[in-house]
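# model this:
(one chain, ligands or ions: 1)
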Amino acid sequence: MYDQAHRLKMLVRQKTTPGSRVLAITSGKGGVGKTSLAVNLSILLARRGRRVILFDADLGLANAEVLLGVTPACTLFDYLYRGRRIEELISAGPGGVKFISGGSGVEELARLDERGRARLLALLPYLQEQADFLLVDTGAGIAEGVLGFVAAAEEVLLVLTPEPTSLTDAYALLKVLHRRKIHPRTFLVVNRAGGAKEAEQTSLRLRAACRRFLGWEPTYLGFLPEDRGMVQAAKEQKPLVLHFPFSPAARQLEKIADELEGKRISGKGVERFFHRLARLFFG
Ligand SMILES: Nc1ncnc2c1ncn2[C@@H]1O[C@H](COP(=O)(O)OP(=O)(O)OP(=O)(O)O)[C@@H](O)[C@H]1O
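All right, here's what the predicted structure looks like:
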């Protein structure tokens, strides 16, 4: 165990790409638009010249690859245990985005054997070299698999909708993180809002509850309006920002990408993400 941790430290010291950021995109409740945000944001960041890798760590359905319209040659599981190469693990998506399908490999992270750990660690230098942004599309809710990724990421985009159940579940997720003393930099994105006002009110409600009961609050980042283009684009397996770049939701996505780019952080995201994943998943 010590050897693994030591090797990891050495690896991360060898090379650190300045500016690498890891964002976990998560939600309290399922179906609120997490994957739609992850896919479209990836493309917008890539368009701005950022090297983006989108990692689908959602154990449920592999929605990100459907929305991106890519067919990965293999999943994280195949890479970890079936000897597939890094080049096979990383698929090329639209707009220059690179894509990693977690598949059942995500579940395996909690019980990796020596070989699996070594394979996971071997990914780190590649990601450090190749990614300015690693976007992790997590599952929804407070299952351990989800919390692990949220806890490991330096920044979190928490997606919610104005629906009361979504708000309650988002609060439940933040409460669990707070109890575990996990405080990543957390940004709120309100999806499927009737407009800016409704989105701000939704965010205010959640932030007020956090301030009052947790003594801490996330930052409001932006919103996406309810947009039929989103459903249409999904049906055609084309990301909204490529298919309907001037639609209302695509315009707001541009603003969210601007906001995110404006928020500079330490730039050790990938390195820290791996350190924390290693600690959380294998001690
Ligand atoms: N702003 C929007 N306007 C209209 N429809 C939307 C919007 N955002 C997402 N949708 C639709 O909502 C559905 C769920 O979106 P998505 O798959 O992104 O959610 P999710 O949170 O990733 O779901 P899961 O929890 O299953 O992973 C999709 O059909 C998507 O097209």
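
# Strands of the stretch 101-250 of the chain, start to end?
Secondary structure of the stretch 101-250 of the chain, counting by DSSP state E, counting those that start in this stretch: strands at 133-140, 155-160, 185-193, 219-225.

# Please name the strands paired to the third one in the sheet, noting orientation.
When pairing is defined by DSSP bridges, strand 185-193 lines up against strand 155-160 (parallel), strand 219-225 (parallel).

# list the contacts for Leu157?
Leu23, Ala24, Ile25, Thr26, Leu37, Leu41, Phe187, Leu188, Val189, Leu221 (CB atoms under 8 Å, 6 or more residues apart in numbering). Where you see a C-beta, it was placed from the backbone N, CA and C, and this is true even at glycine.

# Return the distance of the last one relative to Leu173.
Meaning Leu221. Distance, Leu221 to Leu173, using CB to CB, to the nearest Å: 16 Å.

# now swap in the fourth one and tell me
With distances taken as CB to CB, Thr26 is found 7 Å from Leu173.

# any residues in contact with both of those two?
Shared contacts of Thr26 and Leu173, counting by CB under 8 Å, 6+ apart, come down to Val150, Leu158.

# hmm, back to that, closest one to Ala57 among the strands of the stretch 101-250 of the chain?
Nearest to Ala57 among these is strand 133-140; the distance by CB to CB comes to 5.2 Å.

# And the helices in this structure?
Ranges of helices in the chain, per DSSP state H, are 2-14, 34-47, 63-68, 76-81, 86-89, 105-108, 114-130, 144-152, 164-179, 196-214, 228-235, 240-243, 248-262, 269-282.

# Does the ligand have contacts with the third one?
When you say that, I think you mean helix 63-68. Yes. Applying CB under 6 Å from any ligand atom, one finds helix 63-68 in contact with the ligand at Asn63.

# Going forward, count from 10.
In the new count, where the first residue is 10, that last one comes out as helix 72-77.
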